[in-house]
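In: Sequence below, structure please.
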Amino acid sequence: MRKINFNAGPATLPLPVLEQAQRELLDFQGTGLSILEHSHRGPDYDRVHEEALSLFAELMGLPRSHSAIMVQGGASLQFAMLPMNFLSPGRSADYAVTGHWARLAYEEARRVGAARAACDTAGPGGKHTRIPRQDELLLDPKAAYLHITTNNTLFGTQWRTLPDAKGVPLVADMCSDILSRPMDAARFALIYAGAQKNLGPAGLAMIAVDRDWLKTARKDLPDILSYAVHLEARSIYHTPPTFAVYLVGLQLKWIKANGGPAGMEKRNQAKAELLYGTLDRLKGFYTVPAEKGSRSLMNAVFHTPSPELDDLFCLEGEKEGITGMKGHRAVGGMRVSLYNAVSLVDVRTLTDFMESFAKRRG
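Out: Sure thing, here's the model as predicted:
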């Protein structure tokens, strides 16, 4: 029996995607080979590859000025690859530090060149509980770019409204909310997202880049670290993670069949309303650190009255077949990830358990 999976990533995948992958694992579409065995230069894999790039561009609503790229390594590689490409000597980049991963991106950029924090929302104990107001962003009008992390998985906060970058190229890490809602991709010079939360398995990052901005990138990089090289090579500069690309393609098809980003947003809002509604109704027992206006639709972070009860909550949840709720060690408590593949039925099962637990332990 499959468990209900609220892991923050690698995260749950749609059951139809897993079932199709299972059916095709030994014999991909009558070719007599597994997709794992196909040459990345062969026509059978090439169709899979091109379809994944095309579907990503379609679902993201990329304008003609932008192109999709797939790169190995996840978002942590992008923390370095972005400034290596666009942070030229003599230039500085702005970073909105709104959480753990936003801070890591900022610190990595500082290893590459000049970077400054346009804001830092860390409160007592280094906790981030809110998204900054526009007037809190101290922007450099000459910055190479402004980097934001659209959703902060550890602390459960999310940019509901995009900031005004004041003419500076806007770059976003969308790892944990990519294709979870409609997004105006034209506003961004570059978007990147690790696949392991909303798009597929770990090991692959999806990127959308403005080709005109890409022309400003440094040319003196190793080829493997150059966005321009990967784009020119159709994301097959070297052997791509072919099975991951295949699974991303299947999940993109699933997203499209379920209403695309608008369908995902409706689905995700319903899940978040049910979960946060339960937490607020039982606020004498459960506490949500994130401010209401900054609460994430993807990752709900909350606590019971004590760390001991937090541990018991997760333990009893596991016995009920509900897994992946333990909060990050830097935050504690619980973290319930409501990514696209999580169903409303899954969340209703969780909220029923939450009510029962509060009644028994409160």
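
In: Touching, Ala217 and Ser226? I think so.
Out: Yes: under the criterion of C-beta atoms under 8 Å, Ala217 makes contact with Ser226 at 7.2 Å. (C-beta placed from N, C-alpha, C; glycine too.)

In: Which residues are in contact with each of these two?
Out: Asn85 (C-beta atoms under 8 Å, 6 or more residues apart in numbering).

In: For His230, the count of nearby residues, please.
Out: 23 (other C-beta atoms under 10 Å).

In: So it versus Ala68, what's the distance?
Out: Going from His230 to Ala68 by C-beta to C-beta, to the nearest Å gives 11 Å.

In: ranges for the strands of the stretch 151-300 of the chain?
Out: Per DSSP state E, counting those that start in this stretch, the stretch 151-300 of the chain carries strands over the ranges 151-152, 157-158, 170-173, 190-194, 204-210, 299-302.

In: So which of those strands is the most surrounded?
Out: Stretch with highest mean neighbour count among the strands of the stretch 151-300 of the chain: strand 151-152 (a mean of 29; mean count of other C-beta atoms under 10 Å).

In: Walk me through which strands that one pairs with, and which way each runs.
Out: strand 157-158 (antiparallel) (DSSP bridges).

In: what does the partner strand contact?
Out: 98-99, 128-131, 150-152, 177, 290-291, 294-298.

In: Check which residues of the longest helix belonging to the chain are buried.
Out: Longest helix in the chain, counting residues (DSSP state H): helix 260-281. For helix 260-281, a neighbour-count test (16 or more other C-beta atoms under 10 Å) marks 260-261, 264-265, 267-268, 271-272, 274-276, 278-279 as buried.

In: Compare the strands of the stretch 151-300 of the chain and give me the one nearest Gly113.
Out: Nearest to Gly113 among the strands of the stretch 151-300 of the chain is strand 170-173 (14.3 Å), distances taken as C-beta to C-beta.

In: Which other helices and strands does the closest one contact?
Out: helix 74-86, helix 100-112, strand 146-149, strand 190-194 (3 or more C-beta pairs under 8 Å, 6 or more residues apart in numbering; DSSP states H and E).

In: and the last one, what does it pack onto?
Out: Applying 3+ C-beta pairs under 8 Å, 6+ apart, one finds that strand 190-194 contacts helix 74-86, strand 170-173, strand 204-210.

In: same deal with the first one?
Out: Judged by 3+ C-beta pairs under 8 Å, 6+ apart, helix 74-86 is in contact with strand 66-72, helix 100-112, strand 170-173, strand 190-194, strand 204-210.
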